[in-house]
Structure formats: structure tokens, C-alpha cells
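> got a structure for you, letters missing:
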């Protein structure tokens, strides 16, 4: 007889979303390069704490995860431990502040119990812990945050005033005998933030909002962005770079191209980096004929292996070409009223690899190349060569017509199955293939034939304008037969939302 | 006597479309939609290396016709759409049977100029170029050359009805497609083996 499981806890596990940020505590860092093991965008928060922005390497790691057929966080743990050793604490979150807040709590625990580990704020266990963290750990990172804001000389930020407002808030918390920020979470985050802003400071209100960014989903977090977070990119003192002094001034792409190929080759021969490392950004600093310097970026959406493209460097050349065209256009626009050559020639340049993923050969050994992932690999490579984003979409279970789908990363183990019954969320009524992201106001008196389709309601709990939640969707047909997807709002206004193309 | 066709039933339209299924005949390597009347318009014309030119003005649902060839388990394909203020409404594509893991999208008004690496690569087996702007004869020649070399099928969609006056020697089939005010779909083949106007039944008959 087979044993039957009544409850399988994995059934209730949330889908693993790739985190946007990581806060890393590493007391025994070998060299600063190692901290770039997961991302090329790093910030040093304090002596032993680092923040990693994982956006630029997301596709790369998701593809590696697919190759390894491991859980996302298991794989990230393997990479981190291989690069940084066992004694690390890492918190993954959709915003750096909740990660820092949680990390401060974990560091305090570690001091007592000597633990190490990896936590994702999307997991139920971490969220339970997060909800019970005391104010002490919320206030602790504020000191460093104030320092960073001071370094950046953020407009409207005054450190002594901020500290006194922080002390006022601390006194209020003590008087009220509140344990942690979650004690106040029953009040609406936004309205409480307004109250904090009124009584204490706009900065404390912002930090309060960031605290609850831990509960946002991926889309909402991306929409919110860093919003005033004082991100200071950490740069290594030595980066791979090559310079070229031209024998005579040049500006024609056909002549520049072979010289750039030579320079990419020289970059690859530098001993300061390994052939396993991936590049996210190369800075091309061009000195013009009038000794003016122009810095253009060669950006790669997915970490790009320069060494692997020897000797032609097609991807890097495409990006260099796009940057060259943009720079030329900008210069022409700027100098159009001046008595200067139409295309200002170059006299020298420097290529510098500023953002790169520090991946050691031992880490790459974890991820065997396989034929199964050829299409995904090719997609990522092609994306790096193009100036526009290759779009791939996924369906979300949501009643709102605009929230029903979202863009997803390409080549990253596309979902073959949805973790909800897709049929329930499929559009049963006719909707158009193309829509306007910003609905356009419309006068329907102009003789449109109206065919009613459906009534939809937005999420009232997320909207400010409660009187304008319902939309009645119609097919609006012009006398000449052209059809539009339009709706009538609760206020009776008409909008064009798509075209039946 | 032909049977009376039903008037447009919007609920049934996706159902009818979903019956279409992309497939390639293994021997002839021909791309078929599975809709008899539509496949008959092309004969064996939709093959790797060929260009099909569609005249599908906006607002007349004509794009549902090429979409019938992109249903189901297609090889990786891409739809290049012009930047005219609209974006892809993914649920609609899904409801017409498109596999969103196989059909990708990219926004570009000048694809040959801006997306050259995409045409040099043979990753995408079906490339739909939807309403390109300033699409010159040289661009067409380049696309045709790459399609033959990479064995890709190219659908070139124009935002106007095609006319026999201005020909396109590189397109194997040229046709116009639209949905009329009663909701019936029609194609008018201008160049190809079977020339003329024809109704395409995407909406299921009630009988």
C-alpha cells in the first residue's frame, strides 16, 4: 500500500522569484573582487556588509539554475559559498532596506549562536521572522544610511536634524511600548507614512515605506524602484583597461572597427581578469579632436563573455556601433550652430571594463554546458547584440485587464506550466492584440457602433479614486468598419484602449 | 447552394481560431494553418526561405489570419511590431492559441536598420515584420537573402491594402485580409497560384 500524504507543505510554497537585491554579511572576505560573484553592481554598506543589485545578472543565473536543475536559492548558496566561504549571512529581498533590516537582526543572532545562512524574504519562514523583529534592528542601519545620504549630499537632507527626529521617533516608540515595525502594520502603510512625515521627517517616512517593500510582489517592487535609496556603486581600484592614441584623427566607423577589434583583443590578453568573467558594461572614453572627452557605454543586458568571442567580438562591436551612432548624433546636434567639422574626429580613446561578474573557473564547473539549453543561450547572446528588448510575456492570475500579464525575462527557463489553472484566467471575450498603455480619451458621439463586451472592476483596495473603479468594455466600430477596444469609466467618460488590428 | 454563414459571434471567434494548428508537412516543409480555405490560398508557398506579404490595415482584425500559422508548437519565432504607441496585449494572443513561450516580440519601426543581428542569426524560424516604416527595396532584398540563407519564413505585414499595380517580385504570395462588418473574414490573393477573393471561416458554423 502506498503511503498517502495528507498535507504536502511544498504545495503551499510560493513560486521562487528571482530577488532584486541581496544584503551580504561577510567578515572574512578574501579580496574585494569576490564580492562581485553574483552581480556586477555592488555597494559597500559598512565594513563587512555589502549590497548586491541582482538585476543585471538575473537572466544569467536563471539559465545556470536551469542547467543545474536545482532550487534557485540552493544554487545561489552554492555560488556564494564557493566564492566567499561558509561564514556568510545573506538576505535576498526586492528592496535593499528590508534586506538590511533583516540582516541586522540575523547578525545579532549570529553573534550569539554563530550561525551562517541564506534567507529569502519571499519565504514564509523569513516573513514570520521579519514580522517579529524589534525596533532596535530598524534603527541600527539608520546611522549608516544617514552617512550615505550625507556623502551623496542629497538635497533636503540635514543629518543633525535627521538624528534628532530619529531620537524623537525612538522616544515615541518607547513610550508606546511597541515591539517592532510590524506592530504598526495594521494601519495602512501609506497613511502612516504620511503621519510620520508630518510629525517627524520625510526621510523617516520613506524608510517606513521601504520597510514594507518586503511584502511587495516583484512587479510592484520594480515599479517602485530604489526611490531615494542612497546607492553608491563600489568600484574596484584596478579594472581591466586599454588605451589607444590614434596616429591621425578618425571618425569613420569602417576605420574604427578594426582598431576596436584589436583593442578588445588586448583587453582579453590582460592578466588582471580571467576568461570566465562576464561583462555588463564597458566604458569607452573618447577624446575628440578639440580635446574634449566623451564617455559612452557599451552595455550588455545579460552578462557577456568577451573572451569567448575572440577574434571577432561581434556582440561588443554591435554595442560599440550603437554607442558610436548615438554619440555622433548627439555631437552633431550639439555642435550644429558651431563652425566645427560635421563629424568631430577622435584622437584617442580608452576602453575600461567597469562592471563585471567575478566568476572563477571552479564556479563555472558547477554549470555544465548542455545542448538542451542552446536556444536559451542563443537568445541571451542575441539580446546582447540588439539595441531593443526581446519581449516575452507571461500570464498572471489577476482580474484587472492590465495586470493580467507581465513581461518576463527571456531565455531563463521559460515557464512551461503555470502554477494556476490557466483556463480560468484566459480571456474568453474578444480583446485586441495591441493595446494602448495609456488609454486615450474618446468622443463616442462620432457615430461609433457599440458592442458591449464585459464589465471589469479594478482592485478597490489599491486605488485612490474609489468612484472610478468600474469599466464597461465595448467594441467601438467606426462607420468605415475600423474597430477599437474601448471602455466607459464609472464617470461616463469614454476611452480608447486598444485596436483590433 | 451554399449554407447560410452565421453572423459574427465574438465568443466563438477564439474557439474557431484555436482549431487552427501550426504544422509543417515533413516532406514538403510547408507551413500550414490547418484551416482548409486559408491553406488553399497558399498551396505550398509558405516554406522556409520564402516571403509572404500581407495587406492588413489596422482596425480590421486582419492579423488573426497570419496568427493561425503561429498556433501551437511553433519553433522559436518573433513578431517585430512598429512603435506606433501600442503595446502587446499578451492575454489576447494566448486566447488565440499562441504559445507565449515560443513567440517573442520586439518593438522596432526600422527593423532592417535597427535589428540587423536578428536577421543575421538563424534562431527565429518565423519572423513577422509588422508595419515597418520606410521599408525600401534594398531592405526587402536583404531580408529575402537572409531568409533563404537561414531557411526562415518571413511574413511582411503592411498597414494598407496591397495593390497589383506595385508588385513585389521577392514575395511568393501577396494577399489582403480583413474582417467585414458582419464579422466574416476574407482574403484577396493578388499574387500566388490561386488569385482572387475568398471567404475564410474562422468562426465556427452553428450547425
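Thanks, I have the structure now. Model, not experiment: these values are computed from the prediction.
> For the rest of this, base every contact and every neighbour count on C-alpha atoms.
Fine.
> List the contacts of residue 85.
Picking chain A for this. residue A:28 (CA atoms under 8 Å, 6 or more residues apart in numbering or on different chains).
> looking at chain B here, not the other one
Counted by CA under 8 Å, 6+ apart, residue B:85 has contacts residue A:436.
> For it, grab phi and psi.
phi 90, psi -10 (degrees, to the nearest 10).
> ok, what's across the strand from the closest residue to residue A:349 other than its chain neighbours?
With sequence-adjacent residues excluded and distances taken as CA to CA, 6 or more residues apart in numbering or on different chains, residue A:349 is closest to residue A:286, at 4.3 Å. Applying DSSP bridges to residue A:286 gives these bridge partners: residue A:294, residue A:349.
> how deep is residue A:286 tucked in, by neighbour count?
With neighbours defined by other CA atoms under 10 Å in any protein chain shown, the count for residue A:286 comes to 23.
> Return the residues of chain B in contact with chain A.
B:10-11, B:13-14, B:56-63, B:85-95, B:100-101, B:103-108, B:114-115, B:117-118, B:121, B:123, B:180-181 (CA under 8 Å from any CA of the partner chain).
> are any of those residues buried, and which?
By neighbour count, with 16 or more other CA atoms under 10 Å in any protein chain shown, the residues of chain B next to chain A hold B:10, B:13-14, B:56-63, B:86-95, B:100-101, B:103-108, B:115, B:117-118, B:123, B:180-181 as buried.
> Scan chain A for its longest helix.
helix A:314-334 (DSSP state H).
> If you count neighbours, what's buried in that one?
Those would be A:315-324, A:327-328, A:332, for helix A:314-334 by 16+ other CA under 10 Å.
> With respect to residue A:499, which of those residues is nearest?
Proximity of these to residue A:499 (CA to CA) peaks at residue A:322, which lies at 32.4 Å.
> shaky segments in chain B?
Judged by pLDDT under 70, chain B has its weakly predicted residues at B:1-28, B:203-207.
> ok, which stretches of the chain are helices?
No chain in the question, so chain A it is. Under DSSP H, chain A gives helices at A:58-68, A:72-84, A:96-113, A:124-131, A:135-151, A:159-176, A:189-199, A:202-211, A:218-224, A:253-269, A:314-334, A:361-364, A:374-385, A:422-425.
> I was thinking of chain B, sorry if that wasn't clear
B:13-18, B:36-42, B:64-67, B:90-95, B:111-114, B:116-120, B:137-150.
> wait, isn't residue A:250 in contact with residue A:347?
Yes. Counting by CA atoms under 8 Å, residue A:250 touches residue A:347, with 6.7 Å between them.
> export the helices of chain A to CSV and tack on mean pLDDT?
Output for those, formatted as CSV (pLDDT from 0 to 100):
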stretch, mean pLDDT
helix A:58-68, 82
helix A:72-84, 88
helix A:96-113, 85
helix A:124-131, 85
helix A:135-151, 90
helix A:159-176, 88
helix A:189-199, 76
helix A:202-211, 86
helix A:218-224, 64
helix A:253-269, 94
helix A:314-334, 90
helix A:361-364, 80
helix A:374-385, 86
helix A:422-425, 65
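> Let me have these in JSON lines, adding distance to chain B as columns.
Formatted as JSON lines, the helices of chain A follow (distance: least, CA to the nearest CA, whole Å):
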{"stretch": "helix A:58-68", "distance to chain B": "15"}
{"stretch": "helix A:72-84", "distance to chain B": "20"}
{"stretch": "helix A:96-113", "distance to chain B": "31"}
{"stretch": "helix A:124-131", "distance to chain B": "29"}
{"stretch": "helix A:135-151", "distance to chain B": "38"}
{"stretch": "helix A:159-176", "distance to chain B": "44"}
{"stretch": "helix A:189-199", "distance to chain B": "31"}
{"stretch": "helix A:202-211", "distance to chain B": "31"}
{"stretch": "helix A:218-224", "distance to chain B": "16"}
{"stretch": "helix A:253-269", "distance to chain B": "15"}
{"stretch": "helix A:314-334", "distance to chain B": "8"}
{"stretch": "helix A:361-364", "distance to chain B": "25"}
{"stretch": "helix A:374-385", "distance to chain B": "6"}
{"stretch": "helix A:422-425", "distance to chain B": "9"}
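> Could you export these as JSON lines, including distance to residue A:46?
Shown next, in JSON lines, are the helices of chain A (distance: least, CA to CA, whole Å):
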{"stretch": "helix A:58-68", "distance to residue A:46": "25"}
{"stretch": "helix A:72-84", "distance to residue A:46": "17"}
{"stretch": "helix A:96-113", "distance to residue A:46": "11"}
{"stretch": "helix A:124-131", "distance to residue A:46": "22"}
{"stretch": "helix A:135-151", "distance to residue A:46": "7"}
{"stretch": "helix A:159-176", "distance to residue A:46": "18"}
{"stretch": "helix A:189-199", "distance to residue A:46": "27"}
{"stretch": "helix A:202-211", "distance to residue A:46": "18"}
{"stretch": "helix A:218-224", "distance to residue A:46": "24"}
{"stretch": "helix A:253-269", "distance to residue A:46": "32"}
{"stretch": "helix A:314-334", "distance to residue A:46": "35"}
{"stretch": "helix A:361-364", "distance to residue A:46": "27"}
{"stretch": "helix A:374-385", "distance to residue A:46": "34"}
{"stretch": "helix A:422-425", "distance to residue A:46": "46"}
